[in-house]
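S.K.: Okay, sequence plus prediction incoming.
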Amino acid sequence: VVVPPQNDVDVHANDLNFVAIANNGKLIGFNVLVGGGLAMTHGDKSTYPRRADDFGFVPLANTLDVAAAVVMVQRDWGNRVNRKNAKTKYTLERVGVDNFKAEVEKRAGVTFQESRPYEFTDRGDRFGWVEGIDGKYHLTVFIENGRILDYPGKTLKTGCAEIAKIHKGDFRLTANQNLIIAGVPPQDKDKIEALAREHGLIAPSISNQRLDSMACVALPTCPLAMAEAERYLPDAVTELEGLLAKHGLEEDSVIFRVTGCPNGCGRAMLSEVGLVGKGPGKYNLHLGGNREGTRIPRMYRENISEQEIMAELDTLLGQWAKERDSGEAFGDYVVRAGVVKPVVDSARDFYDQ
């Protein structure tokens, strides 16, 4: 579930998504998006990442009926023979989006209305304090790779433990690996912020690039990983920060994702620059997604080293700095400049070079 304009859960990564639609500040229903998914298998072109299809708008009262109907249609129509083609995205391609949608309408007893307009203007989490409608406060803090440990000069784990001693609300994990200290009464706000700053949960300065970067766990924890992701990300971001500074782009950033295998847990297939692990120290480099998370990137170079990746990005970031239109994001630039063709229909053109 997402509330525009913040696409903080990457709705196009999921099988079933609800985009909240409001009228005069009141929730009236949802646009329903079905059939997203980012996993694929190296060398198997019958697998591919796919963005979700917008089925249309449903009033609030029909939300759960539609959700149940989507689940039931996938249960009955989904591929039970080939696990690699079992997800909803492949069912939609096999039976047709219109047929799937009509069956959902039939089972839910609902007719989808035309989608209501909305716009995504931002991605990721909103850091810092936000006041909730109940008068309590919520503090979102950046946790690189979602790993809450004590580091030299940054005792995140101890800080969370100290906050927990006085915090009466919740700790919530976000879809972007960060932490929300939620439900803070006004009288506890200053004490919790002081502890967060003392232990490095609120850092003095974090670059936009580090905030816009993410990786899956990969080695050594995940048995599916072919390459590093979590352990590689901090150094990769530092190199990327250096390249941005070199080209006068210190205040800019790219949506940068690293995943250790093609299963896509790092959501590299919704990034402007996505690395997909191919082997130790080797990745496929994908370019051309957008900042809003609504476009699949295309493979630009296959099975290249970390050094080759940074050399490619050095060249491309330099071109972006010189040739970009005003405010043009990196992913939009590489598509406009013809560096990569945009992925329009991933079932049919994702593998076109």
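M.R.: Thanks, I have it.
S.K.: how about R51, what does it touch?
M.R.: 12, 36, 270, 294-296, 346 (Cβ atoms under 8 Å, 6 or more residues apart in numbering). Where C-beta positions appear, they are placed from N, C-alpha and C, glycine not excepted.
S.K.: One more pass at 7 Å, please.
M.R.: In this structure, R51 makes contact with 12, 36, 294, 296, judged by Cβ atoms under 7 Å, 6 or more residues apart in numbering.
S.K.: Just the buried residues out of those, in PyMOL syntax.
M.R.: This is the PyMOL syntax for the buried subset of the contacts of R51, where burial follows 16 or more other Cβ atoms under 10 Å:
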select buried, resi 12+36+296
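S.K.: Next, count neighbours for the spatially closest residue to K168 that is not a sequence neighbour.
M.R.: Nearest in space to K168, with sequence neighbours left out and distances taken as Cβ to Cβ, 6 or more residues apart in numbering, is P185 at 6.7 Å. Neighbourhood size, P185 [other Cβ atoms under 10 Å]: 13.
S.K.: how close does P185 sit to C160?
M.R.: For P185, the distance to C160 (Cβ to Cβ, to the nearest Å) stands at 18 Å.
S.K.: same thing with L219?
M.R.: In this view, L219 and C160 are 26 Å apart by Cβ to Cβ.
S.K.: Same check on I309?
M.R.: Taken as Cβ to Cβ, the span from I309 to C160 is 34 Å.
S.K.: just P5 next, same as before
M.R.: Distance from P5 to C160, by Cβ to Cβ: 30 Å.
S.K.: Which of those two has more residues huddled nearby?
M.R.: C160 (20 against 12).
S.K.: V130: which element?
M.R.: Using DSSP states H and E, V130 falls within strand 128-131.
S.K.: Output that strand in PDB with nothing but the alpha carbons.
M.R.: Taking Å, rounded to 0.1, in the frame of the first residue of the first chain, the C-alpha atoms of strand 128-131 are listed here in PDB:
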ATOM      1  CA  GLY A 128      13.600  12.900  10.700                       C
ATOM      2  CA  TRP A 129      10.500  13.600  12.700                       C
ATOM      3  CA  VAL A 130       7.000  13.500  11.400                       C
ATOM      4  CA  GLU A 131       3.900  14.300  13.500                       C
END
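S.K.: Heading C-terminal from it, find the next helix or strand.
M.R.: Toward the C-terminus from strand 128-131 - assigned by DSSP H and E - lies strand 137-141.
S.K.: for the following helix or strand past that next one, what is the average pLDDT?
M.R.: With elements assigned by DSSP H and E, the helix or strand that comes after strand 137-141 is strand 150-151. Per-residue pLDDT over strand 150-151 has a mean of 96.
S.K.: per-residue pLDDT, the residue nearest to K168?
M.R.: Predicted confidence (pLDDT) for P185: 97.
S.K.: could you pull out the helices for this protein?
M.R.: Assigned by DSSP state H, the helices in the chain fall at 63-77, 88-95, 97-108, 156-166, 189-198, 208-211, 233-246, 306-323, 330-336, 346-349.
S.K.: That'll do, ta.
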